[in-house]
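Novice: only geometry, no sequence info:
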């Protein structure tokens, strides 16, 4: 049975990291005058992309029915607790 390694720890992955790092170094070292004025705008443009890719769809709408179900359970538990509290309060008064 062959052991499957992750891409980033394989020879190809390490080579990719080195090449991307070298390219980024030369972009910032040689072209910093062209890149740095636009850096704040690039960071702002990354926000919606991170939002889209990091949330991964939130489960496709199935979460709404589950949250409504949880809300109903919480309301029922709240009302049961209120009733139990009233009963205990009436027992103490007697």
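Specialist: Sure thing, it's come through. Predicted model, so just to flag it, every value in this text is computed and none were measured. Numbers count the residues shown, from 1 in each chain.

Novice: In the protein, where is pLDDT below threshold?
Specialist: Low-confidence segments of the chain, defined by pLDDT under 70: 1-2, 56-71.

Novice: Let me see the ranges of the helices in it.
Specialist: Taking DSSP state H as the criterion, the chain carries its helices at 11-30, 32-35, 39-55, 62-93.

Novice: Kindly reformat the ones you listed as JSON lines containing distance to residue 4 and mean neighbour count.
Specialist: C-beta: built from backbone N, CA, C; applies to glycine. JSON lines is the format used below for the helices of the chain (distance: least, C-beta to C-beta, whole Å; neighbours: other C-beta atoms under 10 Å):
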{"stretch": "helix 11-30", "distance to residue 4": "13", "mean neighbour count": "10"}
{"stretch": "helix 32-35", "distance to residue 4": "38", "mean neighbour count": "10"}
{"stretch": "helix 39-55", "distance to residue 4": "25", "mean neighbour count": "9"}
{"stretch": "helix 62-93", "distance to residue 4": "32", "mean neighbour count": "10"}
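
Novice: Would you mind reformatting these (as JSON lines) and adding columns for distance to residue 3 while you're at it?
Specialist: Below are these laid out as JSON lines (distance: least, C-beta to C-beta, whole Å):
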{"stretch": "helix 11-30", "distance to residue 3": "15"}
{"stretch": "helix 32-35", "distance to residue 3": "41"}
{"stretch": "helix 39-55", "distance to residue 3": "30"}
{"stretch": "helix 62-93", "distance to residue 3": "36"}
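
Novice: Indicate which one of those helices is closest to residue 5.
Specialist: Closest to residue 5 of the helices of the chain is helix 11-30 (C-beta to C-beta; 8.7 Å).

Novice: just the angle between the closest one and helix 39-55, please?
Specialist: On the basis of axes from the mean of the first three to the mean of the last three C-alpha atoms, to 10 degrees, helix 11-30 is oriented at 160 degrees to helix 39-55.
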